[in-house]
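Colleague: Below are the sequence and a predicted model for it; my questions follow.
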Amino acid sequence: MDASSTSEQQGTVFLSNKEEVYRIPALCYDQEKSVLLAFAEKRKTSNDASAEVLVMKTGTLIKDETTHEISVKWSMSRNVVEKVHLGGYRPMNPCPVYERTTKTLFLFFICVEGNVSEPWQRFWGINKARLCYITTRDAGETWSSVTDLTINFPQMKKWATFAVGPGHGIQTESGRLIVPAYAYGSRSPSCFCISCFFAVSRALCFYSDDNGMTWQSGNMLDDKSVECEMAEVLDGKGSWYIYCNARNERGYRVEAVSDNRGEDFLTLPSAGKLVETGGGCQGSVVSFPDQSGMAGSNQAPSWLLYSHPTSQSKRVDLGVYLNKSPLDPNAWSQPWIINEGPSGYSDLAYLDDGWFACLMERGEASEIEQIACQVFSYYQVSKFIRN
């Protein structure tokens, strides 16, 4: 794929209607098979508690040899996890992560009992969510049965509730699988006003060092943080870090860095570059090799690309931001708007050779009208961002 192309392909992947609403996009690129795997929740309504099924489509990348433009041909939609098969638990928050040694895709998600809402769990401090995954080795043609990991994490009984992602997980250079997550801890026992009674959320991760056979959990961030994504970055001195970008309610995103592969995080001081939208919105982040051509291909320092609505008041105008010095919050560029108008959750994937795909919630009157995919190159990012 030629990163100098000005290719820009956007198309609907999941379309909502009166009977069903698609939300919560998650995207994974299978490098072995050169296909995209797009996941979403299918709901009866826009209400979180009405989720019924996790659905997926596979996208084949098609390169025009003349124009070097890239388009995506999507398969028919298929159900991969259904509430009816989970004893009445509804599947939510798809979070795929690919394990390269065994060529296995893990699709993590949570299962929530019946129609119990997150606010109810937070208020009463009673966790009704479970941690589950399924796997595939053939790009989603066939899937394993559901594995429930909840019993392996006794601390979940003390959480008000929790969730993974939503969006993708990562595998580090050393082989560690990392699934981003957030959990609501204990509520305040000394205050009974509504705002203080609700449990406080903090980001963390689940990780595996044995190709997904066993899983552990890292420590929570010190700062209040909600939905998050993580990326591994290599600095100019040859050191690896895990970068975390999390939803917040205080006007700006939470950024944190781990030097022990996600077990602990240090929150970075905000530079006010990445604005948060209203009460908050999920965002996505991916790392990719330095595109300056100055570094060697194997140990090129990492850059970051981040996607999120760019308004501080409402979910509109999805933008992508570039950071060539990932440990410095001041280094973020101004955004390039890739979707004007209503925009919600998104998930980025790096396709190699300077190409990206973004799966996003968008619409004309509302951001939940459809989930669409846009493919673009680093050439476009560098051309259209405002420094």
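Modeller: Sure, I can see it. Numbers count the residues shown, from 1 in each chain.
Colleague: where does the residue nearest the centre of the chain land in three-state SS?
Modeller: Centroid check for the chain by Cα atoms, centre = their mean gives residue 167 as the closest residue, at 2.2 Å. Here residue 167 is recorded as coil under DSSP: H, G, I helix; E, B strand; the rest coil.
Colleague: mind listing the helices for the chain?
Modeller: Applying DSSP state H to the chain gives helices spanning 118-124, 194-197, 378-384.
Colleague: if I look at the residue nearest to the centre of the chain, how far off is residue 283?
Modeller: 9 Å (Cβ to Cβ, to the nearest Å). Placement of C-beta: from N, CA and C, glycine included.
Colleague: shared neighbours, the two?
Modeller: By Cβ atoms under 8 Å, 6 or more residues apart in numbering, residue 167 and residue 283 have these common neighbours: residue 229.
Colleague: re the thing from before, out of the helices of the chain, which gets nearest to residue 216?
Modeller: When the helices of the chain are compared by Cβ to Cβ, helix 118-124 sits nearest residue 216, at 23.5 Å.
Colleague: For the biggest strand by length in the chain, which strands pair with it and how are they oriented?
Modeller: Longest strand of the chain, by residue count under DSSP state E: strand 336-352. Sheet pairing here is set by DSSP bridges, and for strand 336-352 it gives strand 316-323 (antiparallel), strand 355-362 (antiparallel).
Colleague: contacting residues for the residue nearest to the centre of the chain?
Modeller: Each residue near residue 167 by Cβ under 8 Å, 6+ apart is listed here: 25, 26, 27, 95, 180, 227, 229, 282, 284, 345, 347.
Colleague: Just the ones of those in strands?
Modeller: Members of the contacts of residue 167 lying in strands (criterion: DSSP E): 25, 26, 27, 95, 180, 229, 284, 345, 347.
Colleague: Could you verify my assumption that the fifth one touches residue 165?
Modeller: Yes: the pair residue 180 and residue 165 qualifies as a contact (Cβ atoms under 8 Å) at a distance of 5.7 Å.
Colleague: so what's the nearest residue to residue 82 once chain neighbours are set aside bridging to?
Modeller: Leaving out its chain neighbours, the residue that sits closest to residue 82 by Cβ to Cβ, 6 or more residues apart in numbering is residue 53, at 4.9 Å. Using DSSP bridges, the beta-bridge partners of residue 53 come out as residue 42, residue 82.
Colleague: Please determine how far residue 53 is located from residue 371.
Modeller: Taken as Cβ to Cβ, the span from residue 53 to residue 371 is 14 Å.
Colleague: Residue 63 now?
Modeller: Relative to residue 371, and taking Cβ to Cβ, residue 63 is found at 23 Å.
Colleague: between the two, who's got more neighbours?
Modeller: residue 371 (32 against 15; other Cβ atoms under 10 Å).
Colleague: Report the separation between that one and residue 231.
Modeller: Going from residue 371 to residue 231 by Cβ to Cβ gives 22 Å.
Colleague: count of residues packed around residue 181?
Modeller: The local packing of residue 181 (other Cβ under 10 Å) involves 26 other residues.
Colleague: For it, list the residues it contacts.
Modeller: Shown in contact with residue 181 (Cβ under 8 Å, 6+ apart): 162, 163, 164, 165, 203, 204, 205, 206, 217, 228.
Colleague: Now it. Nearest residue, chain neighbours left out?
Modeller: Among residues not flanking residue 181 along the chain, residue 164 sits closest, at 4.7 Å (Cβ to Cβ, 6+ apart).
Colleague: Test my guess that the one you found contacts residue 111.
Modeller: No: with contact defined as Cβ under 8 Å, residue 164 does not count as touching residue 111 (11.1 Å).
Colleague: what's near enough to touch residue 153?
Modeller: Listed by Cβ under 8 Å, 6+ apart, the contact set of residue 153 reads 131, 217.
Colleague: And residue 246, by the same measure?
Modeller: Residue 246 neighbours (Cβ under 8 Å, 6+ apart): 182, 203, 221, 225, 226, 227, 228, 253, 254, 255, 256.
Colleague: Then residue 148?
Modeller: Residue 148 neighbours (Cβ under 8 Å, 6+ apart): 111, 130, 131, 132.
Colleague: separation between the last one and residue 26?
Modeller: I take that to be residue 132. 15 Å.
Colleague: and what of the second one?
Modeller: Here residue 130 is placed at a distance of 18 Å from residue 26 (Cβ to Cβ).
Colleague: just residue 135 next, same as before
Modeller: Distance, residue 135 to residue 26, by Cβ to Cβ: 15 Å.
Colleague: more neighbours, the two?
Modeller: residue 26 (30 against 17).
Colleague: Go ahead and confirm that one touches residue 165.
Modeller: Yes: assessed by Cβ under 8 Å, residue 26 is found in contact with residue 165 at 6.5 Å.
Colleague: between these two, what contacts are shared?
Modeller: With Cβ under 8 Å, 6+ apart, residue 26 and residue 165 have common neighbours 94, 95.
Colleague: that older thread, can you lay out the strands paired with strand 336-352 as TSV showing distance to residue 79 and mean neighbour count?
Modeller: Compiled in TSV, the strands paired with strand 336-352 are given as follows (distance: least, Cβ to Cβ, whole Å; neighbours: other Cβ atoms under 10 Å):
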stretch	distance to residue 79	mean neighbour count
strand 316-323	27	23
strand 355-362	18	26
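Colleague: could those be laid out in TSV, adding mean pLDDT and distance to residue 378?
Modeller: Below are the strands paired with strand 336-352 laid out as TSV (pLDDT from 0 to 100; distance: least, Cβ to Cβ, whole Å):
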stretch	mean pLDDT	distance to residue 378
strand 316-323	98	9
strand 355-362	97	7
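Colleague: between those strands, which gets nearest to residue 72?
Modeller: Smallest distance to residue 72 across those (Cβ to Cβ): 7.4 Å, for strand 355-362.
Colleague: distance between that closest one and the chain's centre?
Modeller: 11 Å (Cα atoms, centre = their mean, to the nearest Å).
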